[in-house]
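Chemist: curious how this folds, go ahead:
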Amino acid sequence: MILTSKIEKAIRLSIETHEIYRKQKRKPRDIPYITHPITVGLILARAGADEDVICAGLLHDTIEDSVAEKKVTREMIKKKFGENVADLVLSVTEQNKELPWEERKKEALEHIKTFSHDSLLVKSADTLSNVSEILDDYEESGEKVFKNFNASKGKVIQNYTAVINTIVECWPNNPLLQDLQNKKSLLQRIV
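Modeler: Numbering: from 1, shown residues only. From the prediction side, this is the model:
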């Protein structure tokens, strides 16, 4: 896949949403949040995903993380990137951030069971990026990494394990299957 103008536009919108308007940082580090959607896009590109899936990966957190005065909506994404990208982004977006952590994660886990293969691929890349970062931070800082979550270490690990198991059950031929299983094994070693 070459760097298309559509992918360049997705990168720009993601940078605007996460870096310019929010100055978001990754937990617990002082690393710009934009590294996460870019990593997700790279994982998807390496997995052979098509242009729409890569764009959805780059944009996957824009709806839930955008500020009110620069709100990213499904309709905006549809207008700029097409219905398929908008649907993919919406499919992996947590619908109600007001719910307590456990309820949100339970709802999101059930929602994964309804995903198309393209949505599962985006969710797989997102999960790989998040788990990789947790493992790196754990290696560097130990238990401190889990103080930045709204749940205990055990619940965070249990959630990511359940997400990976659900993705694998829903799509055993996922091109990221081996990577997901490897990260799950590494996560379970730090329990």
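Chemist: tell me who's in contact with residue 126.
Modeler: Residues counted as contacts of residue 126 (Cβ atoms under 8 Å, 6 or more residues apart in numbering) are 40, 57, 60, 92. The way it works is simple: take the backbone N, C-alpha and C, and place the C-beta from them, glycine included.
Chemist: which positions in whichever strand or helix holds the first one come out as buried?
Modeler: In the assignment (DSSP states H and E), residue 40 maps to helix 35-46. With burial defined by 16 or more other Cβ atoms under 10 Å, the residues of helix 35-46 counted as buried are 35-41, 43-45.
Chemist: which strands or helices does it pack on?
Modeler: helix 5-15, helix 51-59, helix 117-141 (3 or more Cβ pairs under 8 Å, 6 or more residues apart in numbering; DSSP states H and E).
Chemist: can you lay out the buried residues of helix 35-46 as a markdown table showing distance to residue 109 and pLDDT?
Modeler: Formatted as a markdown table, those follow (distance: Cβ to Cβ, whole Å; pLDDT from 0 to 100):
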| residue | distance to residue 109 | pLDDT |
| --- | --- | --- |
| 35 | 25 | 96 |
| 36 | 20 | 96 |
| 37 | 22 | 98 |
| 38 | 26 | 97 |
| 39 | 22 | 98 |
| 40 | 19 | 98 |
| 41 | 24 | 98 |
| 43 | 21 | 98 |
| 44 | 21 | 98 |
| 45 | 27 | 97 |
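Chemist: closest one to residue 84 out of those, please.
Modeler: Closest approach to residue 84 among the buried residues of helix 35-46 (Cβ to Cβ): residue 44, at 14.1 Å.
Chemist: check the gap between the nearest residue to the closest one once chain neighbours are set aside and residue 36 for me.
Modeler: Of all residues not flanking residue 44 in the chain, residue 57 sits nearest, at 4.4 Å (Cβ to Cβ, 6 or more residues apart in numbering). Using Cβ to Cβ, to the nearest Å, we find residue 57 at a distance of 10 Å from residue 36.
Chemist: do the same with residue 162
Modeler: Distance from residue 162 to residue 36, counting by Cβ to Cβ: 21 Å.
Chemist: what do you get for residue 93?
Modeler: Going from residue 93 to residue 36 by Cβ to Cβ gives 15 Å.
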